[in-house]
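Enquirer: Need coordinates for the below:
(one chain, ligands or ions: 2)
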Amino acid sequence: MDYIKLFEKAMVVSSSVALFWKIIKHMWSPINVEKEPLKVLVTGAAGQIGYALMPMIARGVMLGPDQPIIIHMLDTEKAAEALNGLKMELIDGAFPLLRGVVATTDVVEACRDVNIAVMLGGKPRREGTERKDVISMNVSIYEAQASALEQHAAADCKVLVVANPANTNALILKESAPSIPEKNITCLMRLDHNRALGQIAEKLKVRVSDVKNIIIWGNHSSTQYPDVNHATVATSSGQRSVRDLIADNEWLNTEFITTVQQRGEAIIKARKRSSVLSAASAVCDHMHDWLLGTPKGTWVSMGVCSDGSYRIPPGLIYSFPVSCQNGEWSIVQGLKIDEFSRAKMDATANELIEEKSQAYLCLGQFCSLSNTSDEE
Ligand SMILES: NC(=O)c1ccc[n+]([C@@H]2O[C@H](COP(=O)([O-])OP(=O)(O)OC[C@H]3O[C@@H](n4cnc5c(N)ncnc54)[C@H](O)[C@@H]3O)[C@@H](O)[C@H]2O)c1
Ligand SMILES: O=C(O)C[C@H](O)C(=O)O
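Expert: Ligands and ions are numbered 1, 2, ... in the order given. Model (predicted):
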């Protein structure tokens, strides 16, 4: 018997079997099975941020390049025509991931079975408008829309509140919709986080993607505390502390903090409107990282329900450093807090406590305001 020939034949057969198996596996691999579309609700979709955000969602910037999407857009009767125009543009965009668009002024239809809700609906602050004015104008919307979400959205719907006062609107939504798990209600602090990254990258003339682990504590307002004490920059000699590299504590403890705290105001002054493209981009970053995870050892800032971590009163929607895995965020524990930070973290928590009482006062006294969003 020619053993060599026999061996060669066996090799050919086994490699053909292996190739055949590889092709079968590839054909049936879950990678090639299209994901189920996720339904994404955007309220206030006919507004400025909505217009910037919609193509980002449709292109997969928010949920990834392999995630089909059905967009639900809600706005008021007054904005219905503009909303319909936006729907036409989304269809004309021929976005491969977009599997459907619902444009409606009916909150129940808008919320039906949605997996993600991005809440932009409300009045923005303009030059000369006070923060307390947006509290009285907007919190009633969040009380009213909470029950529609509670009753009609998917049971595990993840909610991101953007409209100001973002933390307090999220708190009102949480308290008005007790059956939505607290961990599924968040508010946008990523814009502030990104602003802080941008300031450090500009100062050090490094890539913004090389700066890590900045924290925004507290409220999306001028009392927020941008904290660089744990932040690092990737350099050719490894990770270096931002404080060491900048070597200017005076700048870090004063100008840097106030620039980030007042960036929203500065943009309103310059544009006569509040931030739009950076807000839309931050919305995508927030949802992307929440659903798809943060890289190991890194964190981002999200407004989430306090569990008492870092002695922040439980129940407040407060911005913490969080890491995300498997669609869940968790507050990063064990960071050392110095006296300077403690005072700033408490000051912004106190503002949130005050906002909460103002919001409940408005809801008690001016419930009729829930329909003023249609007026100029
Ligand atoms: N958290 C943040 O980082 C951040 C950053 C920028 C802006 N904002 C806030 O985001 C919100 C949206 O900003 P914008 O520039 O898009 O404002 P915009 O005025 O352009 O759009 C708001 C939209 O909400 C709609 N609306 C009002 N009441 C509604 C309701 N009851 N239901 C559904 N829709 C309703 C309006 O018709 C409008 O189309 C504002 O409150 C703004 O202050 C937050
Ligand atoms: O409306 C504001 O106060 C500003 C806005 O939230 C922003 O941060 O750009």
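
Enquirer: could I get stretch 127-136 in CSV with only the CA atoms?
Expert: Written as CSV, here are the backbone C-alpha positions of stretch 127-136 (Å, rounded to 0.1, in the frame of the first residue of the first chain):
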residue,chain,number,x,y,z
GLU,A,127,-30.2,85.1,25.8
GLY,A,128,-31.7,86.8,28.9
THR,A,129,-33.8,83.8,29.9
GLU,A,130,-33.3,82.7,33.5
ARG,A,131,-32.9,79.0,34.5
LYS,A,132,-36.0,79.3,36.7
ASP,A,133,-38.0,80.2,33.6
VAL,A,134,-37.2,76.9,31.9
ILE,A,135,-38.0,75.1,35.1
SER,A,136,-41.6,76.4,35.2
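
Enquirer: Check whether the helix or strand containing G264 comes into contact with ligand 2.
Expert: Assigned by DSSP states H and E, G264 falls within helix 263-271. Yes - contact between helix 263-271 and ligand 2, assessed by Cβ under 6 Å from any ligand atom, occurs at 264, 267. C-beta: built from backbone N, CA, C; applies to glycine.

Enquirer: Now do the residue of the chain found nearest ligand 1: how many residues are near it, please.
Expert: Closest approach of the chain to ligand 1 (Cβ to the nearest ligand atom) occurs at G47, with a separation of 1.9 Å. Under the neighbour criterion other Cβ atoms under 10 Å, G47 is assigned a count of 22.

Enquirer: these two touch, right, it and L120?
Expert: Yes - taking contacts as Cβ atoms under 8 Å, G47 lies within contact range of L120: 6.0 Å.

Enquirer: For H72, give me its contacts.
Expert: 39-42, 102, 104, 109-112, 114 (Cβ atoms under 8 Å, 6 or more residues apart in numbering).

Enquirer: for L41, same thing?
Expert: Going by Cβ under 8 Å, 6+ apart, the list of residues near L41 reads 72-74, 110-111, 114, 116-118, 153.

Enquirer: Identify the farthest-apart pair in these.
Expert: In the contacts of L41, the most distant members under the criterion Cβ to Cβ are M73 and A153, with 14.9 Å between them.

Enquirer: Can you tell me the element the residue nearest the centre of the chain falls in?
Expert: The centroid of the chain falls nearest to H286 when counting by Cα atoms, centre = their mean (2.9 Å). In this structure, H286 is located in helix 277-292 according to DSSP H and E.
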